[in-house]
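*Asks:* I would like to see how this sequence folds:
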Amino acid sequence: MFVGAMDLAIINVALPTLSRVFHASNASVQWTVIAYVLSLAIWIPASGRIADRIGTKRTFLIALTVFTLASALCGQARDLPELVAARALQGVGGGMLMPTGTSMLWRAYPPSQRARLGRLLMLPILVAPAAAPVVGGLLVDQLSWRWIFYLNLPFGVIGLLFGARYLVEYREGPKGRFDVAGFLLSGGGLCLVLYAISEGPLLGWSAPPVVASAAIGLVSVAVFVRLELRRTFPILKVALLRHRLFRATNVTGAFSTASFLGILYLTPIFLQEARGLSAVSSGLTTFVEAIGVVAATQTVGRLYPRVGPRAMSTTGLVLLAAVIGSMATIDAQTSIWTVRAMMFMAGAANSMVFLPLQTSMFTSIARADTGDASAIFNTSRQTSLALGVAILSTVVASVGGESFAAFHAAYAAAALIALTGSVTAFTLIHDGDARATMVRREDPPGGDSARLQAREEVRARTIRKTSMPNG
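*Replies:* Model (predicted):
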């Protein structure tokens, strides 16, 4: 999952090199990113139903095999069309890899241990995007652009061997015929929407291809939702969004992802274009965010059972908005260590959002629906990431290209997105819905009632022991 998450961002560092190597324009080279994202959009919504039909272990291993083989093909590409095609194939594996892996993890852990699981999931989901610029920059500078893809091969092989030996199969079994119409509408509609979001900042939001793809995509998604709500066996159980907690955490998570991962995309560009840092130096500065995430994880995990998802995610988003807002004051005289301190605090603040949302999100979801819920979460996350990047890119382009004022405006926009997320967290999330996940480690399974019962049993044993006659 770490490698899959890192692959979304690691190629950005290599785009200038690819442009030179293949003698292609920046717009043409961008298709190495777009092809991967669009492929994810097609396969993520269907991943839950596919895994339920053929088994989670089998789906995960197939996805990992496709991802690993496609990584090798990317590294061997002789021209740009070959690389774009291999990236699209890589997206097929990546699109099924993340949702299936997430659903397997949530099924393996009971609600009382999901705060612990949330701390583990921070590594692939939050640390990988921060590590991508550093790893990618070092590989491109010291070896070759091909190694950003070859890097996946040893991890893929180890994952396949380990997974084949130790993963446990879970299968819901066939539920009616495969929903071909739903698959085409969800994949095609989301693909068109993400294409419009990706190309809007480059071509202009009023450009005919952007307007047409956005309109057709949104209509397709609307028809898909209406159709799936009526089907007995849909490709994606969108009715799960009727669960109050699942809906609230996904909405709040969308704002968090758009703001936080948006600045992870924006900051390396800002540091290189406005501050004149190298790709590796800017990546190392951004990577400090990951240290903030890891440093805050243990404290956040211990606080969750006492504080709950509502207060914790609300506070985290307010702090994140404040930190991002302070980044709008960075100028040519600002110490790079001040920037790194800001990134550290941004990572720590976001860990206060990510862990409670991840821990509580699946509380009301039945075990049999975990695959669909994971697919919905990953679809929401991918869409909000693309939307966040598009908004910030548009702000930078509209204000003034590479100027400090342009990036300051983008940081202000990201802070506003995070602040809006804090409002949704405070108004939509209810701690009572997540009570099953708020069990402290020392508590027996069952929460408050079980803890009271255990205390009563201890008290009763003490009374019996003290009332027994000597001898």
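*Asks:* If you count neighbours, what's buried in the helix or strand that contains Thr252?
*Replies:* Element membership for Thr252, per DSSP states H and E: helix 244-273. Residues 245-273 are the ones in helix 244-273 that count as buried (16 or more other CB atoms under 10 Å). Where C-beta positions appear, they are placed from N, C-alpha and C, glycine not excepted.
*Asks:* and if you look at stretch 1-17?
*Replies:* Neighbour counts over stretch 1-17 (16+ other CB under 10 Å) mark 1, 3-14, 17 as buried.
*Asks:* farthest pair in the residues you listed?
*Replies:* Taking CB to CB, the two most distant members of the buried residues of stretch 1-17 are Met1 and Thr17; they sit 26.8 Å apart.
*Asks:* Leu83 touches Val21, doesn't it?
*Replies:* No. The pair Leu83 and Val21 does not pass the contact test of CB atoms under 8 Å, sitting 9.9 Å apart.
*Asks:* These two: who's more crowded?
*Replies:* Relative neighbour count places Leu83 above the other of Leu83 and Val21, with 27 against 16, counting by other CB atoms under 10 Å.
*Asks:* Please give me every residue in contact with that one.
*Replies:* Contacts here follow CB atoms under 8 Å, 6 or more residues apart in numbering; on that basis Leu83 touches 18, 22, 32, 74, 77.
*Asks:* mind redoing it with 10 Å?
*Replies:* Leu83 makes contact with 11, 18, 21-22, 24, 29, 31-32, 35, 73-77, 145-146, 149, according to CB atoms under 10 Å, 6 or more residues apart in numbering.
*Asks:* Could you pick out the buried ones from those residues?
*Replies:* Buried members of those, scored by 16+ other CB under 10 Å, are 11, 18, 21-22, 24, 29, 31-32, 35, 73-75, 77, 145-146, 149.
*Asks:* how much space between Arg78 and Thr17?
*Replies:* 16 Å (CB to CB, to the nearest Å).
*Asks:* Tell me the gap between the helix holding Thr252 and the middle of its chain.
*Replies:* Helix 244-273 has its C-alpha centroid displaced from the chain centroid by 9 Å (CA atoms, centre = their mean, to the nearest Å).
*Asks:* And that helix, what does it pack against?
*Replies:* The contact analysis (3 or more CB pairs under 10 Å, 6 or more residues apart in numbering; DSSP states H and E) places helix 244-273 against helix 2-10, helix 128-142, helix 279-307, helix 309-326, helix 336-361, helix 370-399, helix 404-428.
*Asks:* Format those as CSV; extra columns: mean pLDDT.
*Replies:* Below are the helices and strands packed on helix 244-273 laid out as CSV (pLDDT from 0 to 100):
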stretch, mean pLDDT
helix 2-10, 78
helix 128-142, 78
helix 279-307, 80
helix 309-326, 92
helix 336-361, 88
helix 370-399, 83
helix 404-428, 91
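*Asks:* Of those, give the one that comes closest to Arg53.
*Replies:* helix 370-399 (9.8 Å).
*Asks:* Just want the angle from the closest one to helix 244-273.
*Replies:* Put simply, helix 370-399 runs at 40 degrees to helix 244-273, going by axes from the mean of the first three to the mean of the last three CA atoms, to 10 degrees.
*Asks:* re earlier: overlap of the contact sets of Leu83 and Val21?
*Replies:* Counting by CB under 10 Å, 6+ apart, the contacts common to Leu83 and Val21 are 29, 145-146.
*Asks:* out of these, who's nearest Gly325?
*Replies:* Once CB to CB is applied, the member of the shared contacts of Leu83 and Val21 that ends up nearest Gly325 is Val29, at 33.4 Å.
*Asks:* Looks like that closest one contacts Leu15 (just checking).
*Replies:* Yes. Val29 lies in contact with Leu15 (CB atoms under 10 Å); the separation is 5.3 Å.
*Asks:* how about the nearest residue to Val13 once chain neighbours are set aside, what does it touch?
*Replies:* In space, Val13 comes closest to Gly136 once its chain neighbours are excluded; the distance is 3.6 Å by CB to CB, 6 or more residues apart in numbering. Going by CB under 10 Å, 6+ apart, Gly136 touches 6-7, 9-14, 145, 147-148, 151, 279-280, 283.
*Asks:* Gly48 now?
*Replies:* With CB under 10 Å, 6+ apart, Gly48 has these contacts: 56, 59, 96, 99-100, 102-103, 172, 235-237, 240, 369-376, 378-379.
*Asks:* Recalculate using a threshold of 8 Å.
*Replies:* Gly48 sits in contact with 99-100, 103, 236-237, 370-375, where contact means CB under 8 Å, 6+ apart.
*Asks:* JSON lines for the residues you listed, including neighbour count?
*Replies:* Putting those into JSON lines (neighbours: other CB atoms under 10 Å) gives the following:
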{"residue": "Pro99", "neighbour count": "33"}
{"residue": "Thr100", "neighbour count": "29"}
{"residue": "Ser103", "neighbour count": "30"}
{"residue": "Leu236", "neighbour count": "27"}
{"residue": "Lys237", "neighbour count": "21"}
{"residue": "Thr370", "neighbour count": "25"}
{"residue": "Gly371", "neighbour count": "30"}
{"residue": "Asp372", "neighbour count": "27"}
{"residue": "Ala373", "neighbour count": "26"}
{"residue": "Ser374", "neighbour count": "27"}
{"residue": "Ala375", "neighbour count": "32"}
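*Asks:* low-scoring stretches of the stretch 51-200 of the chain, by residue?
*Replies:* 115, 126, 173-176 (pLDDT under 70).
*Asks:* coming back round to it: pLDDT of the helix holding Thr252, averaged?
*Replies:* Mean pLDDT, computed over helix 244-273, is 86.
*Asks:* Stretch 215-224 too?
*Replies:* Mean predicted confidence for stretch 215-224 is 89.
*Asks:* ok, residues contacting it?
*Replies:* 182, 185-186, 188-196.
*Asks:* Export the contacts of Gly48 to TSV and append columns for distance to Thr424.
*Replies:* Formatted as TSV, the contacts of Gly48 follow (distance: CB to CB, whole Å):
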residue	distance to Thr424
Pro99	23
Thr100	28
Ser103	25
Leu236	23
Lys237	23
Thr370	24
Gly371	26
Asp372	23
Ala373	19
Ser374	21
Ala375	22
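*Asks:* of all those, which comes closest to Thr363?
*Replies:* Taking CB to CB as the measure, Thr363 lies nearest Ala373 of these, at 10.6 Å.
*Asks:* Could you report the neighbour count for the nearest residue to that closest one once chain neighbours are set aside?
*Replies:* What sits nearest to Ala373 in space, not counting adjacent residues and going by CB to CB, 6+ apart, is Ile365, at 4.6 Å. The local packing of Ile365 (other CB under 10 Å) involves 21 other residues.
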